[in-house]
Every structure is written in C-alpha cells, then in structure tokens.
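K.L.:
Have a look; sequence and predicted model below, questions after that.
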There are 2 protein chains.
Amino acid sequence: MKPQHLVIIGGVASGPTAAAEARRTNPDLHITLIEKGPDVSYSACEMPLMLAGKVQHKDELVRYAPHELATAFNIAVETHTSAEEIDLEHRKLLVRNTKTGKSRLIRYDRLILATGALPIVPEALAISTQDVFVLRTLQDVLHIENRIKAQDVHHAVVIGSGYVGLDAAFALKQRGIRVTVLAPSGVLAKGLGETMQAVALQRITSEGLCVRKERATGLEKARDGKIIAVLTDKGEKIGCDLVLIAVGTSPATELARKAGLKIGVSGGVVVDEQMRTSELGIWACGDCTEQKELIFGVSIAAPLSLNAFRSGRVAGRNAARNAPRNESNPMPRTKAAPPSGRSATLPPIVFAAAIGLGDIEIAHTGWTQEMASKLGKDTVSATITHKTASTFTDHSTICITLIAERKTQRLIGGQIVGGNRSADRINVITALLRKGGTVGDLYDLDYVYSPPLAPSKDPLMVAARSLQKQF
Amino acid sequence: MKPQHLVIIGGVASGPTAAAEARRTNPDLHITLIEKGPDVSYSACEMPLMLAGKVQHKDELVRYAPHELATAFNIAVETHTSAEEIDLEHRKLLVRNTKTGKSRLIRYDRLILATGALPIVPEALAISTQDVFVLRTLQDVLHIENRIKAQDVHHAVVIGSGYVGLDAAFALKQRGIRVTVLAPSGVLAKGLGETMQAVALQRITSEGLCVRKERATGLEKARDGKIIAVLTDKGEKIGCDLVLIAVGTSPATELARKAGLKIGVSGGVVVDEQMRTSELGIWACGDCTEQKELIFGVSIAAPLSLNAFRSGRVAGRNAARNAPRNESNPMPRTKAAPPSGRSATLPPIVFAAAIGLGDIEIAHTGWTQEMASKLGKDTVSATITHKTASTFTDHSTICITLIAERKTQRLIGGQIVGGNRSADRINVITALLRKGGTVGDLYDLDYVYSPPLAPSKDPLMVAARSLQKQF
C-alpha cells in the first residue's frame, strides 16, 4: 500500500516543528516540506543580533540547512517553492518554483499550513528602493546587512515601534548608526498601557534613541533610487539613508482564503484546539493562525515563537497520526497503519512577550486595561516603582502595572519596565493568569529573598498590595 | 477608662511589624515593645553584606533606632530588657534589665511573642573564646567585624553550610580571608535534594571555597584563649584563627514553654491562622512559631524574613483589635473601644528561599523528594541543565530539579542552581505550588522569550517536559 503523503507549507518555525513531530508520530508517512524562500528552520527572533554585530554569519541562526532537515527527519524539503493554490477536491497543491517560475502539481493526503505572517507595508510606503527594508526573513537581514556594509549608513529611520522595530533600532544603534523611530501610537502599544508606555519611552529615549510621535506618510527618493527622506503627517521631512518598515505583521492567509478556509476576526486561519482548519484533512499552525486566548476566550493573532513551536507540534502530531475510525479524520484506518499516538491539543494561550534593549527590560502578559476596556471589561489597575534587589548590591529600578477584574479581583494582565532582572518576573504573573489567580494570590506568594537577588519585599508583592488597595 | 496594654516581646523583625500594625489597627492601645538586645528593627538578612565590606556601618542596616521606632508608632520601646516569665493568671510579665540585672513586673492585657530563633551551638563546640562566633544579631556581626579589624584573620572555619553559613563564608572570602566550610550533611541540605547539592557544591568549590564533609567535634584553644583548631570526626585538626558556628537555629520558646503554651512538633510555638497561641490573649509571630505548610498541611518552622513580616502583621492586627463579644477574645467590648478592623489570617505557607553567592544563584521551593519521601509521599523528579538566555548574548548555565506527586502530577517542589538570572524563576514554580498546579501547567505556561532575557525554550519548560516524560 502506498504511504499517505503529508505536505507542510512553510519552513521557518512551526513548519519544521510540525514535520519533526509528524515523523515521530508516524514513521510510515511520506512527508514533504515546501518553503518559498531559500532558508528553513532558523531563529527569526535572533536576527536583530546579526544587525547588532553579535552574530557573524547567518548560518549561526540556522538550526537545519534544508538538506540537514531532510536527513534529520527523513522528509523531502523543497525550498524556493511557493504554494499557489489548493485543489481541495482532488487534494492537489499547485506550487511554483520561485527561481525558474515553473509550476507543477503535488498530490497530498494531508496538509499543514505553516505560512507564517507577512510584514505590513502601508501603501504610501510601498516604494521600491535599495534603501527601504522590512525585517521578516533571514534574507531580509542579509539585505540590510549588505546595504550597511556596501555604504556607510549615517541615519536610519525605523517606522514602527513594536518588538521588531525596537529590536532593530537598538541593533542599528549598536552598530554606530543614528536612529530615529517613528511611533505615532506609542511604543509597544500592543502590550503596554499608557502609563507604562510613558515609562518605556523615557527609558528608551535616555538610551540614545530618538523617538518621534509622527506617522510616516511617504518616502522621498532620488532619481538614482536612493532614499532621501521619510515624510510625516506633521509635514516634516526626516532625512535618512536607510528605512526599516516595521509597523506590524498580518497572518499570511492568501492561500487559505483562496481555498475557502475559514478566516477569523483577527485575520488568521481559524483552527480548533487540535489545529484543524475548517477543511477536513488540513491543519494549520504558527503565525498564520489565530488562537483562543485563555482569559476572555477571544480569538487573537499571537505571532510568538513559543506559540509557533507549540502549535506546530500539535498540528504535526494530529496530521500524522492514523486516527481510529470513530474519530473525525479523513484518513481511513488500515492494517498497514494502525492508530498511532494520541491526539494533541493546544491549550488556550496567554499573550505574553518580552524584549531586552541594552539595559532596558520590558515585558507584558495578558490584557492591558485599555484593551480589556474595549471588550467591555470593568478593571482596576495599579502601577508601582520599586527596586530589583537590595540597595547594597547591584540593583535597578523596576516599574510594574497590574490589572484585575473589578468584580472578582482576578488578575488579567501585567506589565514590567525596568533594568536588569526585571522582565523575568512576568512569568510569575502569567502562572497566576493561567490558574485564574487573584490579586490576593499574587500578594500571598512566598517570594524568595536574598539581598543580591531580590529586595525583602518583592516588587510583585508591592504591586499586588498597591492593587489590593484599589478595591 | 484606662487603655488596654499590649506588650510585644522581641524587636528585630516580626515584633516591630506587629507593633506598627497594632498601632494602625487601634489608636487607643498602649503598646510596649521590649527587646533584650540594644538594637531593634534591623535587616538581619543583609548582615553578611557588612562582613563582605559592602555595608560600612551597622546603622545602614537599621530601619528604626529604638527612639525612632517609639516615635514612628507612638509606642514605648525598651531595649536591654529580657522577658523572663509570664504570669498568666495575673497577666504580668517578669522582665530583667540585661545591663543592670534588675527585675520588675509589667502588667499586660494582651501579649505578642516575637522572640525569634536562637542559633544552635552543639555542646562540644560551646567553648567561650574571643575567636568563636555565631551570626544571629547585629551585635554578633559587630563582634566578628571587631575581631577581623583588631587582628589579621588568615583562615576562618565556618561550621555549617545552610544559608547563614554560606553567606558568611562568601562574605569572609570577599574580605580576603581563606575559608573552610564544614558540611557533613551537604550544602543547603534543608532545601536541596542530593542531585542539586552536588551541583551546588561543585559551583561553590569552583568559586574558591573549601568545603569538607567532616563534622566538627570540638575546638582546641590556646592558654591565652585564642582558637587554635577545629577538631573533626575524621580525627583532623583544622588550624584556624576564627570560627563561625552556623549549624542552624531553633525557635526561641523558653518563655512560652515555661508559661505552658503549646509547643509544636517542629519546636515552634503553636499558633492558628490568626497567630493565636494556645493561651487566650497571647499571640505569637515570626521565627519562634511554627507555620502550617500549604502542600501537605504539616507544621514547619520557617525562619524566613517574609514570614516574619507577614505573621507579625497578622499578630499585630488581631492582638490590637477590639473584637465583638461573640468572637473569642479576652478583651470585653466597651463603649470607649468599639470593634476595630477585621481579623487577619495568615495563609498556609510554601517554604521557599534563595541565596546569591557571587556568580552562583541557588533557590528552592516546596519539598525535596527526600523530605517528601519521609512523609510517605510517592513522587517523581527530573533534573535538567539548560541556559538562561540566547548563546549570542550574556547567558549562564542553569540546573533545575522538579518534583511532582506520582499519582496526580501535582508539583510539590523545585530547586534551581545556576548563574546570573537563574534564581528568579523559582517564584514561577511557587505560584503554581500555591494554586495546586501540575507539571502540565508548568509546561503549558506562556514563557516570554527575548534572546538577552531567556532562551527560546525556557529552562522551566524544558524541566517540565523532562518531568512529564517520567510519568
């Protein structure tokens, strides 16, 4: 009997994870992973370290070269291969070689979409010059790297101030480039409330980044194609010789949309807790999907590394296993392939992220008060400033915001901005968020104390106390 | 009507906290705090920093001098005053001035015992010389400090390797003194299991401390009273010119015992969740008490700073309030003193502690497998080694042990030994311990990831995965 064919579209993070887990789950499966770019299996989150000069060669960021990935998990890996269309009825995938332009059809039995997310480029900025970049793939980093090496860059403008924008801005600054960040809606606005945005902004500015509240409305380039300036909504012209557009990403769902798969409110492919899409036989994982959020149960796009890895594992497992007949599964159980492995599920997620920028640490988890308010939630919040350790030892200042539901005192989010040893504490809040913990739980916690490691009253305890007083 | 008189015995940590909370609760109360030593309200945990030369004067460790404490909370503070006996029937306390030796009686209506703990000195080592010390009070530090300043100390032997012993050993080492630590039952044996003791020992040794497995069986001193050597159970003579005995503490309960108050299995004064002792009208708090432990519900002595502070607050609140008649309370409700404040309770505790020794961070929470086994608990554990951050940034090695109940997969403890940024993670485990979290909860947690702050797979997640595989 011919083995079933699992095709995985996307090779950066969740795709390779899905492939590895699929192989572990089912040794008989024929597995093909296709990737439209030249690289697979690399650490996108560490790419800014290359811009900062801390990573010398792109290979250091690559876990598996294409042929290594193929060998490691006994799969076929096809790079430079873009998926163009899914023929659901005949279970065929139209793919195109991005180098030759040639197309062909691949028959599949099971399909995993791991197409990731695409950087958003506002129409007014969609101007092609050799000096305007996005930062999404390893190739993007190489392009920026080549640009910096080819010609001195004196002033870079980073449009956007999310994680990617700030990471890149700090990296360029570490390379000795003057950097201006355009942050019309504040810094890390997705994760920080207004108060903490102000705290973060103050720290970021004091580290030597110029942050402006303007929105980029256009780019001015010279006849030879070189960038001259970024134009802003305040009528300013910010002269520069490199531009990075980092205003956010959106799930890459064109393929799924065309095939009629259900797309969610956040713009991601809708999946259930087993990573099954609306179409039998197709799973999806990583940044192209939307996830169920734990606290309020809403669906959100959460383009996070851990999420890509976890959802990839779940999709790989479930797509690869031969389910018993009584489970909804397109693959009939045969003698050759008995049911293998239990199905996996992805628990609802808490949206939590962090960033380290030189001596600044920023982290957040759950909901900001502003976002919760948009969902109609009545919340209470408190912000405190404290220290990370005894004043007789190395220590830094830490600011913490906590947010809780007014009615139940259940914690719904937290934000941290501080110096060394600040951000780690966010995981403590997340642990309580996962277990439905209250402000009281955070206060009652048995924090460890040792002068070089923490002050006698942990900042989280002080923050919890401050929030308790608001009720 | 004459105001009620609350007497608090003990002025270091939980005593002053109780006094402050009592005053906040009841402005009418007459409050007296007595302390047998000359100092009140100081940071005992920071005393090793003085030995290390990071704190120049003892006053830096003192939050309130006696007269400041008196003024701040409108109380009477009597130092050099030792409580000798409680006359329960007549509610009188026999006290003795430790300078003059004179005794007198103090009438009380309500009493709080905050007598702390005493360093254990094995009989064989109870030899008085000017070179043998314990490290419990501010005066102890000053004595050691004076000894070091008066005469060169070349080699110090620290007998015991708990938190106090190791903290002091490292502090002396930082002062340029060669240090030998005697650790017959391993390092930090109360908090670390066998595996992590070995890891900790290896790190401590590599930082330049000499740790020997021998037990001290005696001290040899010269005719002039100077110490010559520590004698060990292996027949060794370890020549030295300073000895610190740090084999542990026991609750200071002599006064409570003599008065017939109930003493628990751990040797501490028995209190309920309101910090009431077995005797109506007497509360106790801090290191002299035993606490209910959350996970298995047993009573333990937990001489921790946070515990002293929290139990002090509860005792102060409950002893000071004028309870309604229907609550069991020795103080009748009067017109002059209406019921004031709700009663406070101390939630069961999780035993968690940490220590920072130069580049070494050690922390633990909950139960070791060895201790749980003594309670007849069937547990499973796993130990992993990982890194604290991306290898392209500053990072260190971290070892984590997790312990869970075999039947329920409920987490019951964790241990961490590592470099910079290791110990903080213990609070995440404690958060789950408090909420009855399982190994799965620790695995599912939404750890933040940023290359300088954490690796893509958080060490706690890796540890949880390793433990999951044991089931």
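P.N.:
Here it is on my side, so go on.

K.L.:
To what extent is the nearest residue to A:Asp233 once chain neighbours are set aside buried, counted in neighbours?
P.N.:
Distances taken as CB to CB, 6 or more residues apart in numbering or on different chains place A:Arg215 nearest to A:Asp233, at 4.4 Å, with adjacent residues excluded. All C-beta atoms are positioned from the backbone trio N, CA, C, and that covers glycine. A:Arg215 is flanked by 17 other residues according to other CB atoms under 10 Å in any protein chain shown.

K.L.:
Equivalent analysis for A:Gly176, please.
P.N.:
10.

K.L.:
Please tell me how far it sits from chain B.
P.N.:
Distance, A:Gly176 to chain B, using CB to the nearest CB, to the nearest Å: 19 Å.

K.L.:
Identify each buried residue in stretch A:147-164, please.
P.N.:
For stretch A:147-164, the buried set under the neighbour-count rule, 16 or more other CB atoms under 10 Å in any protein chain shown, comprises A:147-148, A:153, A:155-164.

K.L.:
Next step: these restricted to helices.
P.N.:
Those of these mapping onto helices are A:Arg147, A:Ile148, A:Tyr163, A:Val164, per DSSP state H.

K.L.:
The residue nearest to the last one when sequence neighbours are not counted: what's it in contact with?
P.N.:
What it means is A:Val164. Sequence neighbours aside, A:Ala246 is the residue nearest to A:Val164 in space, at 4.4 Å (criterion: CB to CB, 6+ apart). Residues near A:Ala246 by CB atoms under 8 Å, 6 or more residues apart in numbering or on different chains: A:Pro119, A:Val134, A:Leu135, A:Val158, A:Ile159, A:Gly160, A:Ser161, A:Gly162, A:Val164, A:Gly165, A:Ala168.

K.L.:
Let's see that with 10 Å instead.
P.N.:
Counting by CB atoms under 10 Å, 6 or more residues apart in numbering or on different chains, A:Ala246 touches A:119-120, A:133-136, A:158-169, A:181-182.

K.L.:
which residues of the stretch 201-350 of chain A fall in helices?
P.N.:
A:254-258, A:305-320 (DSSP state H, counting those that start in this stretch).

K.L.:
Give me whichever of those is most buried.
P.N.:
helix A:305-320 (a mean of 27; mean count of other CB atoms under 10 Å in any protein chain shown).

K.L.:
For that one, name the packing helices and strands.
P.N.:
Counting contacts by 3 or more CB pairs under 10 Å, 6 or more residues apart in numbering or on different chains; DSSP states H and E, helix A:305-320 packs against strand A:5-9, helix A:14-25, strand A:30-34, strand A:110-113, strand A:282-284, strand A:289-292, strand A:352-357, helix B:459-468.

K.L.:
most tightly surrounded among the ones you listed?
P.N.:
Greatest average neighbour count among the helices and strands packed on helix A:305-320 goes to strand A:282-284 (a mean of 30), per mean count of other CB under 10 Å.

K.L.:
average pLDDT across it?
P.N.:
For strand A:282-284, the mean per-residue pLDDT is 98.

K.L.:
Keeping just the C-alphas, turn stretch A:37-50 into CSV.
P.N.:
This file holds the C-alpha atoms of stretch A:37-50, laid out as CSV (Å, rounded to 0.1, in the frame of the first residue of the first chain):
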residue,chain,number,x,y,z
GLY,A,37,12.5,31.2,0.4
PRO,A,38,15.9,29.6,0.3
ASP,A,39,16.2,29.1,4.1
VAL,A,40,14.4,26.8,6.5
SER,A,41,14.5,26.3,10.3
TYR,A,42,16.0,29.4,11.6
SER,A,43,15.8,31.6,14.6
ALA,A,44,13.9,34.7,13.5
CYS,A,45,14.0,36.3,16.9
GLU,A,46,17.7,36.3,17.0
MET,A,47,18.1,38.1,13.6
PRO,A,48,18.4,41.5,15.3
LEU,A,49,21.6,40.2,17.0
MET,A,50,23.1,39.9,13.5
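
K.L.:
That one: how far from the chain's middle?
P.N.:
Distance, stretch centre to chain centre, for stretch A:37-50: 13 Å (CA atoms, centre = their mean, to the nearest Å).

K.L.:
Would you tell me whether that stretch gets close to chain B?
P.N.:
Yes. Counting by CB under 10 Å from any CB of the partner chain, chain B is contacted by stretch A:37-50 at A:Ser43, A:Cys45, A:Glu46, A:Met47, A:Pro48, A:Leu49, A:Met50.

K.L.:
Tell me the buried residues in that stretch?
P.N.:
Quick answer for stretch A:37-50 (16+ other CB under 10 Å): A:37, A:39-50.

K.L.:
ok, of those residues, which one's closest to A:Leu433?
P.N.:
Proximity of these to A:Leu433 (CB to CB) peaks at A:Cys45, which lies at 22.3 Å.

K.L.:
wait, doesn't that closest one sit right on A:Gly356?
P.N.:
No. Taking CB atoms under 10 Å as the definition, A:Cys45 is not a contact partner of A:Gly356, at 11.2 Å.

K.L.:
thinking again about what came up before, which of the contacts of A:Ala246 fall in strands?
P.N.:
Per DSSP state E, strands hold the following members of the contacts of A:Ala246: A:Pro119, A:Phe133, A:Val158, A:Ile159, A:Val181, A:Leu182.

K.L.:
Of these, which pair is most distant in space?
P.N.:
Top of the distance list for the ones in strands among the contacts of A:Ala246 (CB to CB): A:Pro119 and A:Val181, 16.2 Å.

K.L.:
Can you pick out the residue with more neighbours from these two?
P.N.:
The neighbour count for A:Pro119 versus A:Val181, taken as other CB under 10 Å, is higher for A:Val181 (26 against 19).

K.L.:
mind listing what that one touches?
P.N.:
A:156-161, A:165-166, A:168-170, A:173, A:187, A:201, A:204-205, A:209-212, A:244, A:246.

K.L.:
Kindly report the same for A:Val380.
P.N.:
Taking CB under 10 Å, 6+ apart, one finds A:369, A:402-407, A:409, A:412, A:439, A:467-471 in contact with A:Val380.

K.L.:
three-state assignment of the nearest residue to A:Ala259 once chain neighbours are set aside?
P.N.:
Sequence neighbours aside, A:Ile86 is the residue nearest to A:Ala259 in space, at 4.1 Å (criterion: CB to CB, 6+ apart). Of the three states, A:Ile86 takes strand according to DSSP: H, G, I helix; E, B strand; the rest coil.

K.L.:
Run a quick check on A:Ile86 versus A:Ile112, I expect a contact.
P.N.:
No. With contact defined as CB under 10 Å, A:Ile86 does not reach A:Ile112; the gap is 11.9 Å.
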